[in-house]
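A.B. asks: A structural model of the following input is requested.
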Amino acid sequence: MSRRFVLAYALLVLLAAGAFAAALVAYRSGPPAPVAPAAVRVVQRFMAALSAGDTSAACRIYSDLPACAHRGPATVQRYRIFPAEYTLDGVAVPVTIDGANAEIDLQRNARGVYRITTIVAAPAAALPSPELAA
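C.D. replies: Numbering: from 1, shown residues only. Got it, this is the predicted structure:
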């Protein structure tokens, strides 16, 4: 055997061992933790209240809801909540409400509790794929 062959073979074994070690570390680390699960729970409670027609409960969560001023019904037939994403000043939770795309922005208050700050229409490109739905 030539010295080049032995050196090449040793390098190949070293690379294979490194790739195996990297794959093992990636496998053990698992998927990344979800972003702001407490914020998603706030949105879930808010949307469940709207879906049930409980405007008073929805207004306790987000008082700037137009139905809070008019005391009229604000019902949602169907909704879908997606995983939260970090923003510059808090987190955003993309949702679809009766087929329309929206984004619910939340911030933490001094006690660390998430509060809804705004609900804005969101372009379709801003929503994650359906496989990522929460």
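A.B. asks: what's the weakest-modelled helix or strand in this structure?
C.D. replies: Within the chain, judged by mean pLDDT, DSSP states H and E, the helix or strand with the poorest mean is helix 66-70; its value is a mean of 78.
A.B. asks: so after that helix, what's the next helix or strand?
C.D. replies: strand 79-81 (DSSP states H and E).
A.B. asks: Off-centre distance for that following strand?
C.D. replies: 12 Å (C-alpha atoms, centre = their mean, to the nearest Å).
A.B. asks: again with stretch 102-119
C.D. replies: The answer for stretch 102-119 is 13 Å, by C-alpha atoms, centre = their mean.
A.B. asks: Residues contacting that stretch, please?
C.D. replies: 36, 38-39, 42-43, 46, 61-62, 64-65, 84, 87, 89-96, 120-122, 126 (C-beta atoms under 8 Å, 6 or more residues apart in numbering). No exception for glycine: its C-beta is placed from N, CA and C like everyone else's.
A.B. asks: again with stretch 46-63
C.D. replies: Contacts of stretch 46-63 (C-beta under 8 Å, 6+ apart): 42, 45, 65, 67-68, 71-79, 81, 95, 97, 104, 115-116, 119.
A.B. asks: ok, now with 7 Å
C.D. replies: Outside stretch 46-63, the residues within contact range by C-beta atoms under 7 Å, 6 or more residues apart in numbering are 42, 45, 65, 67-68, 73-76, 79, 81, 95, 116.
A.B. asks: Closest to Ala22 out of the residues you listed?
C.D. replies: Ile81 (34.5 Å; C-beta to C-beta).
A.B. asks: Quick check on Val93: phi, psi?
C.D. replies: Dihedral angles of Val93 (phi, psi; degrees, to the nearest 10) stand at phi -120, psi 110.
A.B. asks: Buried residues, stretch 84-93. List them.
C.D. replies: 84, 90-93 (16 or more other C-beta atoms under 10 Å).
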